[in-house]
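K.L.:
Quick check, what structure comes out for this input:
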Amino acid sequence: MKSENKELLRLKFREDGFIFFPNFIGQDELKEIHIHLDMLILEKVQSMPPEHVFYEDRNDLSTLKQLQILHKYDPFFYGMMFNSRFEELAKMLLGDEIIGKNMQFFNKPPRIGQPTPPHQDGYYFMLNPNEAVTMWLGLDNVDEENGCVRYLKGSHLKGMRPHVKSNTLGFSQGISDYGLDDMNNETWFTTKPGDLLVHHALTVHRADNNKSNSRTRKALGFIYYAKKAKEDTEAKEAYQAKLAEERIAQK
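P.N.:
Modelled structure (predicted):
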């Protein structure tokens with residue numbers, strides 16, 4: 001990529017707080033992703049710790065909605081996460097060396113896939129400065145019916161919004177004052193398998209529930225922190241411990 005193109009992309013990202021890359025990966029790589037994802041779900045999910053696996057209905061294995069740290073369970077996903085085009089893109093957009101933190105699988109099963117509450121990823125990250133990116137790689141055709149991602153343009157420039165506990169498993173916090181004005185100013189994209197969305201840690205975003213009767217809404221997520229961002233590890237560990245206690249209490 002030419003340096004002037006990189007600068008334009010970085011400028012757009014800094015102004016909007018998100019950026020869309022159609023056809024970021026091709027069909028052959030998508031096939032490999034599905035093969036490794038299917039193998040991981042079949043062979044390893046049952047032995048993964050509960051904090052790495054989420055279901056819409058924990059009594060129904062077909063309702064798998066989220067997996068954490070895929071790169072720890074399969075070298076293929078490690079290769080996608082590190083020393084890859086995704087890592088290089090994160091470096092370019094953040095203008096810094098980066099630290100790869102997490103690779104995730106997301107799904108909203110047909111009919112029962114719950115909405116993702118409006119939130120800012122930086123609320124969970126607990127960084128100073130809150131400089132990080134989240135990437136969302138589509139594995140299905142996604143539109144308004146099955147839960148497209150919705151952004152508030154420029155919201156990353158306005159600081160952290162107030163968050164409160166949500167009732168959505170896997171997304172424990174949601175913005176408390178998200179209103180009609182916010183909804184009227186959302187930007188969303190129809191995406192195809194292989195399309196990539198990237199947003200800043202402070203960009204406000206959400207997704208609707210899956211209203212389709214038959215279509216899944218699968219995607220991979222990548223999280224990269226800027227090297228200059230310092231993590232409040234003590235606060236984060238306390239937060240994670242509290243979430244684990246609440247999850248155990250719900251069983």
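K.L.:
Checking my notes, Asn102 in a helix, right?
P.N.:
No: with DSSP: H, G, I helix; E, B strand; the rest coil as the criterion, Asn102 is strand rather than part of a helix.
K.L.:
partner residues bridging it?
P.N.:
Going by DSSP bridges, Asn102 is paired in beta bridges with Ile223.
K.L.:
Just want to check the distance between it and Val204.
P.N.:
As judged by Cβ to Cβ, to the nearest Å, Asn102 and Val204 stand 20 Å apart. (C-beta placed from N, C-alpha, C; glycine too.)
K.L.:
what's stretch 225-232 in contact with?
P.N.:
Counting by Cβ atoms under 8 Å, 6 or more residues apart in numbering, stretch 225-232 makes contact with 94, 96-99, 101, 125-132, all of which sit outside it.
K.L.:
could you redo the last one with a cut-off of 10 Å?
P.N.:
Here stretch 225-232 makes contact (Cβ atoms under 10 Å, 6 or more residues apart in numbering) with 90-91, 93-102, 122, 125-133, 201, 238-239.
K.L.:
residue boundaries of the helices in the stretch 151-251 of the chain?
P.N.:
180-184, 233-250 (DSSP state H, counting those that start in this stretch).
K.L.:
Quick check: helices, which of the contacts of stretch 225-232 are part of them?
P.N.:
Ala90, Lys91, Leu93, Leu94, Gly122, Phe125, Ala238, Tyr239 (DSSP state H).
K.L.:
With distance to Phe13, pLDDT and neighbour count added, can I get these in TSV?
P.N.:
TSV is the format used below for those (distance: Cβ to Cβ, whole Å; pLDDT from 0 to 100; neighbours: other Cβ atoms under 10 Å):
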residue	distance to Phe13	pLDDT	neighbour count
Ala90	11	98	25
Lys91	12	97	16
Leu93	5	97	23
Leu94	9	96	23
Gly122	15	96	21
Phe125	17	94	22
Ala238	32	73	11
Tyr239	28	68	16
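K.L.:
Thanks a lot, catch you later.
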